[in-house]
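Colleague: attaching a predicted model along with its sequence, questions to come.
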Amino acid sequence: MSNELQRLHHNSKKRIPLEQWGPYLSERQWGTVREDYSQHGDAWRYFPFEHAHCRAYLWGEDGIAGISDFFQNLNFSVALWNHQDPIIKERMFGLVNYEGNHGEDVKELYYYLDNTPTHFYMEYLYKYPQNPFPYDQLREENRKKTRLEPEYEILDTDAFADNAYFDTHVTYAKNTSTDIFIRIRVINRGKEAAPLTVMPTLWFYNRWQYDDSMRKPSIIAKEGNYVRALHARLGSYYLYYDAPEESFFTENETNQHLVTGKEQRSPFTKDAINNVIVSGKNLPLMRKRKHGTKFSPVYRLNLAAGETKDIYLRLADHKENEPFPAEFRQLFEIRKKEADEYYNTILSTPPDSELRNIQRQALAGMLWSKQFYHYDVERWINQGDGISDNGPHKQYGRNHDWKHLKNQDIISMPDKWEFPWYAAWDLAFQCIPLALVDPAFAKNQLLLIMREWYMKPDGQLPAYEWNFSDVNPPVQAWAVLEVYQTEKKMKGQGDVDFLKRAFHKLLINFTWWINRKDPNGNNMFEGGFLGLDNIGVFNRSAPLNAGMHLEQADGTAWMGMFALNMLDIALEIAMHDQSFEDTATKFFEQFVLIAEALNHHGMWNEEDKFFYDTLSVAGSPPLQLRIQSIVGLTSLFAVSIIKKEMFDKLKDFSKRITWFENYRKKNDLFWPNEEHNEKDRVLVSLLPKERLEALLHRVLNEAEFLSDYGIRALSKYYEKNPYTVEISGVRHTIEYDPGDSTSDFFGGNSNWRGPVWIPMNYIIIRSIRRYGRFYGEANRAAHHHLHQG
């Protein structure tokens, strides 16, 4: 067993399978809902980028290539200055939602190069222009553009002209879990010598601003090139560093004069290091200061063309008489070799192939995207931020009915700049690749989102911080199965206890869906936009006119998939614990009723051979919204194969299913697609075989859904044939956009989605492969076509 696998095995035994230190620092804390105390919920304007360098955050921290402990008490990241910009580069810049012609977008060049699950080896690359960073130009040019034009990116500017930029490689190599060596390697890629100031930064998350009882932590200068960071909960840490030109201390506290216009009594504010570096402000005072809650040693470099310089630091929980022993550089090579050995063990792609490199770097990106997420909704509502009045608007505003939600955890984020907050279904998808490298963490994440400090007492899962009450598709049970099967394949044995823990909470969530999203009790489900931005002819989350009701094909299909996933989980557990046999029967019968609703209650269009949402209008016949999109393809997702040995062992389940089938067929009631093959396996799915074939015909049609890059979310047919429908005198139209969406639904930000959605493609491929395994030759052509795509 490799050293990394041994460390991972040790961590898997912990209650929370995490390293104390990791890449838990966000890349954007400004512009988030957590930091928004405005009257009208305008998070982007309330805490803009311009405040980030001088205003203390309340709910987390951010930085470049940063790390923190798992409660983010103490943070480390890298700051840079090219001797051109008005501010030092401490964090990533990007456009806010209303500035970009396609929504928010980070405007930087940075790369997650490598990482391991225990973060004993991590490598990050940031590219910093030697020319002035084009903050204003990026804003101005994007504002000029319409939604029909592509975004204006940093490479469209002259910021990197003639390769006049610095590569900043930040590499972490742990000696132990609480002893971390750091190498900052800067390379001048330009043709001429250029200056660069490097400021490795250590600071405390400012919790004392809202907790008067908390003892304020401190970072204190010591004799020699090191400081001691003392925190009541974390204890003592020591930062050792190469000899700098000088060092500066300040406080991680708001510059009130800049932010509110009030008198600023102390010069030692969050932006004091920025000010002294850029303009020399308060230089004598800053040189005298030997303590604070934010600290930077300063390295003023002048690099010749092509020159490389290294800066070394060490962050440890103990004092070292010789922090940089003669052989310390070898640790970086040792940890890199261990990372290579680890990935060679777990990945099946050829070691020297391009595919292996892509897969490894993609997994590194997943591991770099762990983030400390802090949000106590009750405190956020009841306490102000000391800047704005905490008026009654928040008592009835965003997330006001989620006061039980008290998050303070490490969570896998969709993106630590564009989405530095979790979304329930994104997290489920993220856990599937994470299971390849760290199944214990993947399981932890799936269970975490269902814990009582996340899940609402009525069983609803939080969608995302912009609106926790929104509804994401119920993919958690599917993800639980995927992660379970991945680990079972790796280890030869499945974690049934994990299935049991998840199943109990999923039962509560399933009940919430039944009670809240099936208002007519007919197994036809709603849900709103269900995460499917920019594919509806109107905003499916918007309230409809009186007398109108939307029954959603995807809401119903997702619930069919949920029921079938719960059946599969219950059967797997019942093979070890037969007390779960009854629940398997319950979910099979529930699945039958949902399948009946989808196939027999007006959602299938026989002429088009497609499933559609149906709009019910009082006094009028139901109106099918004949939009061929991923909404109608979600019916492919619910498919399961039940093995003969399950029927043989679970006698009561087998007997009940046989009775239920005979009863429904005898009374001419709907019975879902159920087929037996030569291996006595039973396929259960939402789709009768002829409807499956009809949908696959559309899926594999290049003029409709099949593209060179996967299955489109909306048929390409609408590129030249927009769909229009008139509802209550209002005309609604949708057309296919081959790139960024031209629709402003949900802020118009579709550059994170585009017309091909990887998670949907993954489920489609997994489902068709399952059909293919069952049907064999008859379905092999579709299986092959999708595999090649």
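Modeller: Thanks, I have it. Residues are numbered from 1 along each chain as shown.

Colleague: where does the protein have low pLDDT?
Modeller: For the chain, the stretches with pLDDT under 70 are 529, 531, 533-535, 741, 743-754, 777-789.

Colleague: most remote residue from it's center?
Modeller: Here the centre of the chain is the reference, and by Cα atoms, centre = their mean the most remote residue is Lys666, at 48.6 Å.

Colleague: and Phe538, how many neighbours does it have?
Modeller: 17 (other Cβ atoms under 10 Å). Every residue, glycine included, has its C-beta placed from N, CA and C.

Colleague: how many residues are close by Val106?
Modeller: Residue crowding around Val106 was assessed by other Cβ under 10 Å; the count is 17.

Colleague: need phi/psi at it.
Modeller: Backbone geometry at Val106, expressed as degrees, to the nearest 10, gives phi -70, psi 140.

Colleague: who does it form a beta bridge with?
Modeller: Gly94 (DSSP bridges).

Colleague: residues in contact with it?
Modeller: For Val106, the contacting residues are Glu27, Arg28, Met92, Phe93, Gly94, Trp417, Glu418, by Cβ atoms under 8 Å, 6 or more residues apart in numbering.

Colleague: most widely separated two among those residues?
Modeller: Of all pairs drawn from these, the widest gap by Cβ to Cβ lies between Phe93 and Glu418 and measures 12.7 Å.

Colleague: quick one, helices of the stretch 101-250 of the chain?
Modeller: Remark: helices assigned in the stretch 101-250 of the chain by DSSP state H, counting those that start in this stretch are 135-144.

Colleague: before we move on, the earlier item: mind putting the contacts of Val106 into JSON lines with secondary structure, neighbour count and distance to Ser715?
Modeller: Compiled in JSON lines, the contacts of Val106 are given as follows (DSSP: H, G, I helix; E, B strand; the rest coil; neighbours: other Cβ atoms under 10 Å; distance: Cβ to Cβ, whole Å):
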{"residue": "Glu27", "secondary structure": "coil", "neighbour count": "26", "distance to Ser715": "36"}
{"residue": "Arg28", "secondary structure": "coil", "neighbour count": "23", "distance to Ser715": "35"}
{"residue": "Met92", "secondary structure": "coil", "neighbour count": "20", "distance to Ser715": "36"}
{"residue": "Phe93", "secondary structure": "coil", "neighbour count": "19", "distance to Ser715": "37"}
{"residue": "Gly94", "secondary structure": "strand", "neighbour count": "20", "distance to Ser715": "32"}
{"residue": "Trp417", "secondary structure": "coil", "neighbour count": "22", "distance to Ser715": "32"}
{"residue": "Glu418", "secondary structure": "coil", "neighbour count": "17", "distance to Ser715": "27"}
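
Colleague: which one of the residues you listed sits closest to Ser236?
Modeller: Minimum distance to Ser236 across the contacts of Val106 is 28.0 Å, recorded for Glu27 (Cβ to Cβ).

Colleague: specify which member of the contacts of Val106 is nearest to Arg34.
Modeller: Closest to Arg34, out of all of those and judged by Cβ to Cβ, is Arg28, at 11.5 Å.

Colleague: and Leu499, how many neighbours?
Modeller: Using other Cβ under 10 Å, the number of residues around Leu499 comes to 24.

Colleague: right, I mislabeled it, should have said Asn101
Modeller: The number of residues packed near Asn101 is 22, by other Cβ under 10 Å.

Colleague: right, and it touches Asn142 too?
Modeller: Yes - here Asn101 lies in contact with Asn142, judged by Cβ atoms under 8 Å, at a distance of 5.6 Å.

Colleague: quick check: neighbours shared by the two?
Modeller: Shared between the contact lists of Asn101 and Asn142 (criterion: Cβ under 8 Å, 6+ apart) are residues Glu151.

Colleague: I'd like to check which residues are in contact with the residue most central in space within the chain.
Modeller: Geometric centre of the chain, nearest residue: Pro414, 1.9 Å, by Cα atoms, centre = their mean. With contacts defined as Cβ under 8 Å, 6+ apart, the neighbours of Pro414 are Ser369, Tyr422, Ala423, Asp426, Gln430, Trp752.

Colleague: tell me the two of these that are most distant?
Modeller: For these, and using Cβ to Cβ, no pair is farther apart than Tyr422 and Trp752, which are 14.5 Å apart.

Colleague: tell me which of the two has more neighbours.
Modeller: With neighbours defined as other Cβ under 10 Å, Tyr422 and Trp752 compare such that Tyr422 has more, 25 against 17.

Colleague: list the contacts of the residue lying closest to the more buried one once chain neighbours are set aside.
Modeller: Closest residue to Tyr422 in three dimensions, ignoring its sequence neighbours and counting by Cβ to Cβ, 6 or more residues apart in numbering: Ile411, at 4.9 Å. Residues near Ile411 by Cβ under 8 Å, 6+ apart: Lys370, Gln371, Tyr373, Tyr422, Leu427, Gln445, Leu448.

Colleague: phi and psi next, for Ile411.
Modeller: Note on Ile411: its backbone torsions stand at phi -130, psi 140 [degrees, to the nearest 10].

Colleague: cool, and Arg626?
Modeller: Phi and psi for Arg626, reported as degrees, to the nearest 10, are phi -80, psi 70.

Colleague: tabulate the contacts of Ile411 (CSV), appending distance to Thr345 and secondary structure.
Modeller: Conversion of the contacts of Ile411 to CSV gives the following (distance: Cβ to Cβ, whole Å; DSSP: H, G, I helix; E, B strand; the rest coil):
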residue, distance to Thr345, secondary structure
Lys370, 22, strand
Gln371, 27, strand
Tyr373, 31, strand
Tyr422, 30, coil
Leu427, 26, helix
Gln445, 23, helix
Leu448, 27, helix
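
Colleague: JSON lines please, covering the residues you listed and showing distance to Tyr57.
Modeller: JSON lines is the format used below for those (distance: Cβ to Cβ, whole Å):
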{"residue": "Lys370", "distance to Tyr57": "18"}
{"residue": "Gln371", "distance to Tyr57": "13"}
{"residue": "Tyr373", "distance to Tyr57": "13"}
{"residue": "Tyr422", "distance to Tyr57": "18"}
{"residue": "Leu427", "distance to Tyr57": "23"}
{"residue": "Gln445", "distance to Tyr57": "24"}
{"residue": "Leu448", "distance to Tyr57": "23"}
